[in-house]
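Q: A predicted structure for the sequence below; I have some questions about it.
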Amino acid sequence: MRETLRTKIIDVCNKKIDTKGNNVGLSFYAFFANKNDNPELLMEVATWWIQTHQLDHFVKAYKIKEMVEAGL
């Protein structure tokens, strides 16, 4: 996963945790605007989320943050 995407995911996770608490869940769509203006990037995250790690639709933000920080 490209570094800019890792940074964006960590930032979004931090914001969600700060506003909604440590128990907040996210889907991979949380990292994108409602308008799909970057399908390549969306597919990169979807592949990481669904194919690589076989995650459920909603996953705790802290878990996603930990995975990304660990380089998974």
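A: Arrived safely.
Q: all strands in the chain, in order from the N-terminus.
A: All strands of the chain, identified by DSSP state E, fall at 25-26, 59-60.
Q: Can you show me the CA trace of the helix or strand of the chain with the lowest mean pLDDT as PDB?
A: The helix or strand of the chain with the lowest confidence, counting by mean pLDDT, DSSP states H and E, is helix 39-46 at a mean of 89. Extracted in PDB, the C-alpha atoms of helix 39-46 (Å, rounded to 0.1, in the frame of the first residue of the first chain):
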ATOM      1  CA  PRO A  39     -11.200   4.300  -8.600                       C
ATOM      2  CA  GLU A  40      -7.600   3.000  -8.600                       C
ATOM      3  CA  LEU A  41      -7.000   4.100  -5.000                       C
ATOM      4  CA  LEU A  42     -10.400   2.700  -3.900                       C
ATOM      5  CA  MET A  43      -9.500  -0.700  -5.500                       C
ATOM      6  CA  GLU A  44      -6.200  -0.700  -3.700                       C
ATOM      7  CA  VAL A  45      -7.900  -0.300  -0.300                       C
ATOM      8  CA  ALA A  46     -10.600  -2.800  -1.300                       C
END
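Q: what's the offset of that helix from the middle of its chain?
A: 11 Å (CA atoms, centre = their mean, to the nearest Å).
Q: In the protein, what residue spans correspond to helices?
A: In the chain, the helices defined using DSSP state H lie at 3-20, 39-46, 61-69.
Q: if we can go back for a sec, among the strands of the chain, which is nearest V45?
A: Nearest to V45 among the strands of the chain is strand 25-26; the distance by CB to CB comes to 11.0 Å. Glycine gets a C-beta too; all of them are placed from N, C-alpha and C.
Q: just checking, what packs against that closest one?
A: helix 3-20, strand 59-60, helix 61-69 (3 or more CB pairs under 8 Å, 6 or more residues apart in numbering; DSSP states H and E).
Q: burial of Q54, as a residue count?
A: Close neighbours of Q54, defined as other CB atoms under 10 Å, add up to 7.
Q: just use 16 as the starting number from now, easier for me
A: Right, with 16 as the first residue, what we last looked at is Q69.
Q: Could you measure from it over to T62?
A: As for Q69, its distance to T62 is 11 Å (criterion: CB to CB, to the nearest Å).
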